[in-house]
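*Asks:* Let me see the structure of the following:
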Amino acid sequence: MVFGAILAGLVLAVFTGFGMGYGAAAWFTSVAGPREGAAAMYGFFIFGPIGAVVGLLLGSGAVLRFSGHSLSWGNWLLGSGGVVLALGLMLMVYSANPRDKRIFSKVPVVEFELDYPADALGSGPIEDVHWTNSKVLKQEEAISHFFGKKCADGRCVVAGSSYVISTEQASTVTVSIQGRLHYYRLNLPRTLDGSLPWSEWDDQGGVRVRWRVVKKD
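*Replies:* Numbers count the residues shown, from 1 in each chain. Below is the predicted model:
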């Protein structure tokens, strides 16, 4: 029965984690604006884990409580899940307060440039080449388009930027080119205490990558 309770908690955690994360992402985006994905990332990466904890507690508690295996543990887990859910919703409402849209104003921004052989990008519009800052499977999950394509001497440099909620989250640039995904590493430091100048060019499979960090006031 304990195994069944844990399994039920894990299953529910998946649904509540994604549900709360995507719900918060959509809400924050509608309040604060797209901001190149900052609002969505903040909502998903902060409130998704909270939702997962809620699902784990409620799922496990419900099985223990209503199976009669352990009323005390079941009630405690259900109560704890309810408290975490209430606190999470209160924090979500506070964070999305439309009177204070500055929740991302001090989040650092990472700007990067990718230097491609010109024939790798093709001749289509630049919007056909876009990036995300995490490994994804679907093209529709792109966070932001490239901007500032500059070509000379057979090579093209395209640039992008993103608010950095965490350096781990922003450490990979995922690029979709002509239906194929390509991944490039940004060697960001573990902590960002201020602005950082442009890094040296890093050759990754024939594509040169560099980045810098712009700290908001």
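
*Asks:* C-alpha from now on. contacts and neighbour counts both.
*Replies:* Fine.

*Asks:* Please give me every residue in contact with the nearest residue to residue 157 once chain neighbours are set aside.
*Replies:* Counting by CA to CA, 6 or more residues apart in numbering, residue 115 is the residue found nearest to residue 157 once chain neighbours are left out, at 4.3 Å. Contact analysis of residue 115 by CA atoms under 8 Å, 6 or more residues apart in numbering lists 155, 156, 157, 158, 207, 208, 209.

*Asks:* Compare the residues you listed and tell me which has the most neighbours.
*Replies:* Most neighbours among these, by other CA atoms under 10 Å: residue 209, with 23 neighbours.

*Asks:* residue contacts, that one?
*Replies:* Residue 209 touches 112, 113, 114, 115, 184, 186, 201, 202, 203, counting by CA under 8 Å, 6+ apart.

*Asks:* rewinding a little: CSV please, covering the contacts of residue 115 and showing pLDDT, distance to residue 73 and secondary structure.
*Replies:* As requested, the contacts of residue 115 are exported to CSV (pLDDT from 0 to 100; distance: CA to CA, whole Å; DSSP: H, G, I helix; E, B strand; the rest coil):
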residue, pLDDT, distance to residue 73, secondary structure
155, 89, 64, strand
156, 88, 61, strand
157, 90, 59, strand
158, 88, 56, strand
207, 92, 56, strand
208, 94, 56, strand
209, 94, 53, strand
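
*Asks:* which one of those is nearest residue 39?
*Replies:* Using CA to CA, residue 158 comes nearest to residue 39 of the contacts of residue 115, at 24.0 Å.

*Asks:* My guess is the closest one contacts residue 148. True?
*Replies:* Yes: assessed by CA atoms under 8 Å, residue 158 is found in contact with residue 148 at 5.8 Å.

*Asks:* Give me the most central residue, the chain.
*Replies:* residue 41 (4.1 Å; CA atoms, centre = their mean).

*Asks:* Now it. Nearest residue, chain neighbours left out?
*Replies:* Per CA to CA, 6+ apart, closest to residue 41 is residue 25, 6.6 Å.

*Asks:* my read: the one you found touches residue 40, true?
*Replies:* Yes: using CA under 8 Å, residue 25 makes contact with residue 40 at a distance of 3.9 Å.

*Asks:* Now for this protein, the helix or strand with the poorest mean pLDDT.
*Replies:* Every helix and strand in the chain was compared by mean pLDDT, DSSP states H and E; the lowest is strand 144-145, with a mean of 63.

*Asks:* CA atoms of stretch 151-161 as CSV?
*Replies:* Output of stretch 151-161 as CSV, limited to C-alpha atoms (Å, rounded to 0.1, in the frame of the first residue of the first chain):
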residue,chain,number,x,y,z
CYS,A,151,26.5,38.3,-43.4
ALA,A,152,29.9,38.9,-44.9
ASP,A,153,32.7,36.8,-46.5
GLY,A,154,30.6,33.6,-46.5
ARG,A,155,29.6,33.7,-42.9
CYS,A,156,26.5,35.1,-41.0
VAL,A,157,26.3,36.2,-37.4
VAL,A,158,22.9,36.1,-35.8
ALA,A,159,22.1,37.3,-32.2
GLY,A,160,19.6,36.6,-29.5
SER,A,161,19.0,37.4,-25.9
